[in-house]
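J.: Predicted model and sequence below, questions to follow.
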Amino acid sequence: MAASEQTAVAQEFTHIRIVMGMVVGLGVTRLLSGVARIVQHPRQYKIYPVHLAWVAYLLLMLVHFWWWEFGLYHLRIWTFGVYLFVVCYAIILFLLCALLFPDSMLDYKSYEDYFLSKRAWFFGVLASAYLLDVVDTLLKGEENFARYGNEYFIRTPLLVLLCLAAIATDNRIFHRVLVTFALLYQASWIWRLFDTLA
């Protein structure tokens, strides 16, 4: 690739990263504002550890998204369709954040009541984010896709199936185990495969 062509691709990517950054920033803001509201008014609504663990998971997911999307730097041709896909992926992540902290809790007794009543929305959107990740990974090239090995072909269907199970049940033990597994696995996934940008 010629130097002038590299410069043009870098400029396009910078422009797109700014838009992604705005959406990711809104998601992080939503999560941190929600946590701050809990700290400011701890007795207003009873907290639910599973809910807070999903907040931690999404914060990790957003930071990771911003980190791994740097892999799109290697994309030589940007089309509006690819740009729209990446922005929609970021919007899905923001929607997950908004689902964890609604504008009003007046219709709910606690965060547990809220989270379990909205679990179909939350886990449905989360499952779609896992599926979007497959397309995103393919956009970055076959070499990038291959680096995840066979684990990726088990990971994505497993996470989607667990989301479907979470939609189907309000069993508190299942939800505790699921969020614990999700947090530990996501941290492991990042540590093993995304420690550097290379």
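T.: Perfect, I can see it now.

J.: after the helix or strand bottoming out on mean pLDDT in the chain comes which helix or strand?
T.: Using mean pLDDT, DSSP states H and E, the weakest-scoring helix or strand in the chain turns out to be helix 142-146, at a mean of 80. Going down the chain from helix 142-146, the next helix or strand is helix 151-168, by DSSP states H and E.

J.: Please identify the buried residues of that following helix?
T.: The neighbour-count check on helix 151-168 (16 or more other CB atoms under 10 Å) flags Y152, T156, L159, V160, L162, C163, A166, I167 as buried. To be clear about C-beta, it is placed using only N, CA and C from the backbone, and glycine gets the same treatment.

J.: from what I can see the fourth one touches D133, true?
T.: Meaning V160. No. Using CB atoms under 8 Å, V160 and D133 do not qualify as a contacting pair, with a distance of 10.3 Å.

J.: which secondary structure elements does the least confident helix or strand of the chain contact?
T.: helix 119-139 (3 or more CB pairs under 8 Å, 6 or more residues apart in numbering; DSSP states H and E).

J.: Give the rounded mean pLDDT of the helix it packs on.
T.: Confidence over helix 119-139 (mean pLDDT, whole number) is 95.

J.: any idea how far it is from the chain center?
T.: 8 Å (CA atoms, centre = their mean, to the nearest Å).

J.: how far off helix 151-168 does it point, in degrees?
T.: Relative orientation of helix 119-139 versus helix 151-168 (axes from the mean of the first three to the mean of the last three CA atoms, to 10 degrees): 160 degrees.

J.: got the contact list for F181?
T.: By CB atoms under 8 Å, 6 or more residues apart in numbering, F181 lies in contact with L162.

J.: Which is the succeeding secondary structure element to the lengthiest helix in the chain?
T.: Secondary structure assigned by DSSP state H gives helix 3-40 as the longest helix of the chain. Scanning forward in sequence from helix 3-40 by DSSP H and E, the next helix or strand is helix 49-68.

J.: In terms of secondary structure, what does that next one contact?
T.: With contacts defined as 3+ CB pairs under 8 Å, 6+ apart, helix 49-68 has these neighbours: helix 3-40, helix 80-100, helix 111-117, helix 172-193.

J.: A53: neighbour count?
T.: Residues within reach of A53, counting by other CB atoms under 10 Å, total 17.

J.: F181 versus I173, what's the distance?
T.: 12 Å (CB to CB, to the nearest Å).

J.: shaky segments in this structure?
T.: The model of the chain has pLDDT under 70 over residues 1-10, 71, 197-198.

J.: go again using 90 as the cut-off
T.: Low-confidence segments of the chain (pLDDT under 90): 1-21, 42-43, 65-79, 82-83, 86, 136-149, 190, 192-198.
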